[in-house]
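Engineer: Model the structure of this input:
(one chain, ligands or ions: 2)
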Amino acid sequence: MTIEEMIARIGPLDEAAMAEAAKHADQLTKPPGSLGRLEAVACQAAGITGDKIPALDRKAVIVMAGDHGVCAEGVSAFPAEVTGLMVANFLNGGAAVNVFARHAGADVVCVDIGVDADVNHPRLVSRKVRRGTANMAQGPAMSREEAMAAIRVGYDIVGELVDEGYRLFATGEMGIGNTTPSSAMLAVLAGLDVSAAVGRGTGIDEERLKHKQEIVRRAIAINKPDASDPLDVLAKVGGLEIAGLVGVILGAAARRCPVVIDGFISTAAALAASRLAPQSAAYMIPSHLSNEQGHAAALEAIGLAPMIQLDLRLGEGTGAALCFLLVEAALKMMREMATFESAGIPGA
Ligand SMILES: Cc1cc2ncn([C@H]3O[C@H](COP(=O)(O)O)[C@@H](O)[C@H]3O)c2cc1C
Ligand SMILES: O=C(O)c1cccnc1
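Structural biologist: Ligands and ions are numbered 1, 2, ... in the order given. The predicted structure follows:
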């Protein structure tokens, strides 16, 4: 499938279903609008699915994993081998996202889209496009064809999961070094100054932060990504797991499923998706505000406002998995609350 075909499958939200949901929310035993963002999420879910009160019981956090050639420049506090080792941790159920996904009744689907190491596990979804990106400080991270192949991986996986009965998705990622390409993408796509787009990631010190900014500036100067061409930006200064998440978002929107967006890296993917397909933003449910520098600007560039702020700065899909609980609470509010009429309470 071409990117144009993917984009063409994303329709507008169902206005009639949204109006019905809003009307129902106003009949529940509370002052109209008093459940704030939960009401908005319930109406959004109705518009996305076309059902006044959809059942979104089967939930998956899709964790895309890939390595980054730019790690050779010393941009992370951790060594690149951690990516593959964490993939094994996800598959064994021991990472933070596994714990939060279990808490929310969701499954973790871990995808090797570009890990340098070979990871073998029966639950791993092996769709390696290449073994890590090239060093973007010296040339393009990958080719346009590879970026497109990675988008297709994410798009197809969501399609397969929808066919299995999954209806609600969250974006997650693992890739040592991936805040660096995310910052470069943000700087280019949102026209942000590099100093405002680059943060400390896994926890680098002040000196390394200055160096990381320099690397992002160099990557942009050498590759000259075209801000009006999101695929060019993804290929030149992006990452395999980031492109995979673009596919996840476009795929969820095409199948009329909500997709909860996690932190900084996921939001860089969401920004690219929203530039490729502006209508895809309506299918995104923002989750938390990450402590990573630039996350607020990235959300703002898409027009999203975070639901919660917990000072998280982990990624993996942790904040999004937690927000599954809020989406579920919003749908239960619609399904289980009494109306003024059923409770015999006079309205305003
Ligand atoms: C043990 C460990 C688990 C993680 N889980 C997510 N990340 C997060 O940190 C990385 C990005 O930060 P940077 O760009 O500074 O490398 C990504 O893998 C992201 O998912 C982790 C990082 C580590 C070390
Ligand atoms: O917000 C995130 O997703 C994030 C921030 C720092 C490091 N890793 C991920």
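Engineer: What count of nearby residues applies to Asp193?
Structural biologist: Close neighbours of Asp193, defined as other C-beta atoms under 10 Å, add up to 11. C-beta: built from backbone N, CA, C; applies to glycine.
Engineer: what sits against it?
Structural biologist: Residues near Asp193 by C-beta atoms under 8 Å, 6 or more residues apart in numbering: Ala187.
Engineer: what about it, distance to ligand 2?
Structural biologist: 19 Å (C-beta to the nearest ligand atom, to the nearest Å).
Engineer: Residue numbers of this protein in contact with ligand 2?
Structural biologist: For the chain, the residues in contact with ligand 2 (C-beta under 6 Å from any ligand atom) are 179, 201-202, 262-265, 290, 292, 295, 313-315.
Engineer: Tell me which of these fall in helices.
Structural biologist: 179, 264-265, 295 (DSSP state H).
Engineer: What's the nearest residue in the stretch 151-300 of the chain when you look at ligand 2?
Structural biologist: With distances taken as C-beta to the nearest ligand atom, the stretch 151-300 of the chain approaches ligand 2 most closely at Gly263, which sits 2.5 Å away.
Engineer: give the contact list for that residue.
Structural biologist: Contacts of Gly263 by C-beta under 8 Å, 6+ apart are 287-288, 290, 292, 295, 312-315, 318-319.
Engineer: before we move on, the earlier item: which one of the residues of the chain next to ligand 2 sits closest to Ile220?
Structural biologist: Nearest to Ile220 among the residues of the chain next to ligand 2 is Thr179, at 15.3 Å by C-beta to C-beta.
Engineer: give me the number of residues near the nearest residue to that closest one once chain neighbours are set aside?
Structural biologist: In space, and not counting its chain neighbours, Thr179 is closest to Gly201: 3.8 Å by C-beta to C-beta, 6 or more residues apart in numbering. Neighbourhood size, Gly201 [other C-beta under 10 Å]: 26.
Engineer: Wait, Gly201 touches Ile176, no?
Structural biologist: No: Gly201 is beyond contact range of Ile176, at 9.0 Å (criterion: C-beta atoms under 8 Å).
Engineer: got any residues that touch both of those two?
Structural biologist: The contact sets of Gly201 and Ile176 overlap at Ser76 (C-beta under 8 Å, 6+ apart).
Engineer: Tell me if the secondary structure element (helix or strand) that Glu214 belongs to is near ligand 1.
Structural biologist: Element membership of Glu214 [criterion: DSSP states H and E] is helix 206-223. No: using C-beta under 6 Å from any ligand atom, helix 206-223 stays clear of ligand 1, coming no nearer than 8.4 Å.
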